[in-house]
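In: Requesting a structural model of the entry that follows:
(one chain, ligands or ions: 1)
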Amino acid sequence: MTLGESLRGKTAVVTGSNSGIGLAIAKALAGAGADVVLNSFTDRAEDHALAEQIGHEAGVSARYVAADMSDPAQCRDLIAQAGRCDILVNNAGIQHVAPIPEFPEGKWDQIIAINLSSAFHTTAMALPMMRAAGWGRVINVASAHGLTASPYKSAYVAAKHGVIGLTKTTALETAQEAITANAICPGYVLTPIVEKQIPDTMKEYAMTREEVIEKVMLTRQPSKQFATVEQIGGTAVFLCSEHAAQMTGTTLSLDGGWTAL
Ligand code: NAD
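Out: Take a look at the predicted model:
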């Protein structure tokens with residue numbers, strides 16, 4: 001499709017899509033005509049209602065499938081339950097901030113499982129479906145932290161660097177097919193994952209909320225603005241267009257200039 005055309009007939013599976021960036025990507029793809037499968041591990045009535053609302057507003061089929069992305073079997077089952085997967089968006093992610101000696105082992109394992117290994121399991125299931133359909137898009141939501149590091153985010157930075165490596169490998173394994181794999185690398189976006197970091201950072205640096213946003217979070221974002229979830233949703237739609245057909249194995253930064261520093 002070109003930018004103005006529709007994704008009608010395609011099915012998109014977006015992991016971790018009941019809030020934040022994943023939700024915005026699911027809405028943007030539905031708005032472009034794709035049927036969507038929303039996911040998180042929560043399985044609340046409101047998750048199913050959210051899918052219903054998106055489907056109703058966009059005039060597409062939308063459903064919610066609960067699956068815990070820390071569990072390889074549930075990652076694989078999500079794609080099996082979707083039935084087809086033309087567009088796979090690996091977005092589910094969590095964060096934990098602590099110096100390496102104090103970083104809880106369980107948190108390390110959980111972050112690597114959710115932020116990195118889940119993308120391997122879903123991709124392994126989705127590629128045969130994309131090949132059968134003769135078209136596919138893998139969009140991995142990495143981060144500026146997939147390209148640079150920050151102290152106290154060892155697991156997150158390691159996982160996001162890993163996601164970019166997985167993206168490149170996926171691109172090479174599909175290079176001669178109508179399938180692409182790319183990573184979106186946002187800088188700071190004001191979503192729940194970031195909101196949760198504010199109180200700890202306030203404590204750690206004895207700062208106000210405003211100071212944390214300005215002096216810690218946006219200090220490395222030269223634009224001094226958060227990226228928005230809508231900008232990321234639009235980027236995902238672009239990656240599904242024909243304009244992006246030769247764009248594969250690469251990273252798209254939406255970080256206000258962070259990685260240009
Ligand atoms: P968020 O907390 O709003 O969303 C995270 C999503 O992941 C939620 O839908 C949550 O339900 C889901 N999730 C968490 N654990 C899960 C599990 N075990 N199984 C299934 N789903 C699970 O945060 P967000 O900012 O929208 O983050 C989305 C992605 O964007 C993450 O991968 C994050 O690392 C990445 N990212 C965010 C920012 C930012 O500044 N917000 C910047 C760069 C990258």
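
In: Excluding sequence neighbours, find me the nearest residue to the residue of the stretch 51-200 of the chain found nearest the ligand.
Out: Across the stretch 51-200 of the chain, no residue is closer to the ligand than G93, which sits at 2.3 Å (Cβ to the nearest ligand atom). The C-beta positions use only the backbone N, C-alpha and C, and glycine is treated the same way. Leaving aside its sequence neighbours, G93 sits nearest to N115 (Cβ to Cβ, 6 or more residues apart in numbering; 4.6 Å).

In: I'd like the distance between that neighbour and A245.
Out: 28 Å (Cβ to Cβ, to the nearest Å).

In: quick one, strands of the stretch 151-261 of the chain?
Out: Secondary structure of the stretch 151-261 of the chain, counting by DSSP state E, counting those that start in this stretch: strands at 179-186, 251-254.

In: Would you mind finding the most buried of these?
Out: Counting by mean count of other Cβ atoms under 10 Å, strand 179-186 has the highest mean neighbour count of those, with a mean of 26.

In: Just the C-alphas of that one, formatted as CSV.
Out: The C-alpha trace of strand 179-186 is given here as CSV (Å, rounded to 0.1, in the frame of the first residue of the first chain):
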residue,chain,number,x,y,z
ILE,A,179,8.7,-9.0,4.5
THR,A,180,10.5,-6.3,6.4
ALA,A,181,11.7,-6.0,10.0
ASN,A,182,12.6,-2.7,11.6
ALA,A,183,12.9,-1.2,15.1
ILE,A,184,11.3,2.0,16.3
CYS,A,185,13.5,3.7,18.9
PRO,A,186,11.6,6.3,20.9
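
In: starting at the chain centroid, how far to it?
Out: 9 Å (Cα atoms, centre = their mean, to the nearest Å).

In: Name the strands paired with that strand and say parallel or antiparallel.
Out: Here strand 179-186 is paired, per DSSP bridges, with strand 136-141 (parallel), strand 251-254 (parallel).

In: Pass me the low-pLDDT residue ranges in the stretch 1-150 of the chain, would you?
Out: Counting by pLDDT under 70, the stretch 1-150 of the chain contains low-confidence ranges at 1-5.

In: got the residues of it near the ligand?
Out: 16-22, 40-41, 68-70, 91-94, 114-115, 141, 143 (Cβ under 6 Å from any ligand atom).

In: residue contacts, the spatially most central residue of the chain?
Out: Nearest to the mean C-alpha position of the chain, counting by Cα atoms, centre = their mean, stands N91 at 2.3 Å. The neighbourhood of N91, defined by Cβ atoms under 8 Å, 6 or more residues apart in numbering, consists of V14, T15, G16, S17, I21, G22, I25, V141.

In: go on, A155?
Out: By Cβ under 8 Å, 6+ apart, the residues touching A155 are H96, F103, K107, W108, I111, I112, N115.

In: mind checking the backbone torsions on the residue nearest to the centre of the chain?
Out: N91 adopts backbone torsions of phi -120, psi -20, taken as degrees, to the nearest 10.

In: circling back to that earlier point, which residues are in contact with the residue nearest to G93?
Out: Counting by Cβ under 8 Å, 6+ apart, N115 touches A92, G93, I94, A155, Y156, A159, K160, V163.
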